[in-house]
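Trainee: pasting the sequence and the predicted model now:
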Amino acid sequence: MRMSAQETILLDAQLESVIDSHAFRAVLGNGHRFTAYIAARDRGGKAPEKGDFVEVEISPYNMSVGRIIISGEL
């Protein structure tokens with residue numbers, strides 16, 4: 001099931017640690033920690049590293065996971 005654009009929240013987060021090649025522990029500016037994933041379609045490019053600031057897409061229904069938005073350059 002794919003969510004519509006109205007059902008997601010875009011936020012800036014910092015990557016705290018690497019879980020594996022496509023999953024990270026991330027933290028928002030307010031201290032909320034969650035798991036951030038790189039979508040399968042975005043895995044071909046340069047992966048972010050620990051300490052990088054990224055934009056994430058989070059569902060308001062489950063704020064324990066988010067998707068890292070990969071745009072051209074990190």
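Mentor: Yep, it's here. Residues are numbered from 1 along each chain as shown.
Trainee: please name every helix or strand in contact with the longest strand along the chain.
Mentor: For the chain, the longest strand by residue count, based on DSSP state E, is strand 9-20. Contact partners of strand 9-20 among helices and strands, from 3 or more CB pairs under 8 Å, 6 or more residues apart in numbering; DSSP states H and E: strand 23-28, strand 33-38, strand 53-59, strand 62-69. C-beta here means a position set from N, CA and C on the backbone, and glycine is covered the same way.
Trainee: which of these sits closest to Ala47?
Mentor: Nearest to Ala47, of all these, is strand 33-38, at 6.6 Å by CB to CB.
Trainee: and the closest one, how far out from the chain middle?
Mentor: Counting by CA atoms, centre = their mean, to the nearest Å, strand 33-38 is centred 5 Å from the centre of its parent chain.
Trainee: partners of that strand, with directions?
Mentor: In the sheet, strand 33-38 lines up against strand 23-28 (antiparallel), strand 62-69 (parallel) (DSSP bridges).
Trainee: quick one: buried residues of the longest strand of the chain?
Mentor: For strand 9-20, the buried set under the neighbour-count rule, 16 or more other CB atoms under 10 Å, comprises 11, 13, 15.
Trainee: closest to Gly44 among the residues you listed?
Mentor: Leu15 (18.8 Å).
Trainee: which residues does the closest residue to Ala36 other than its chain neighbours contact?
Mentor: Closest residue to Ala36 apart from its sequence neighbours, by CB to CB, 6 or more residues apart in numbering: Ala26 at 4.1 Å. Counting by CB atoms under 8 Å, 6 or more residues apart in numbering, Ala26 touches 13-16, 33-36, 54, 56, 66.
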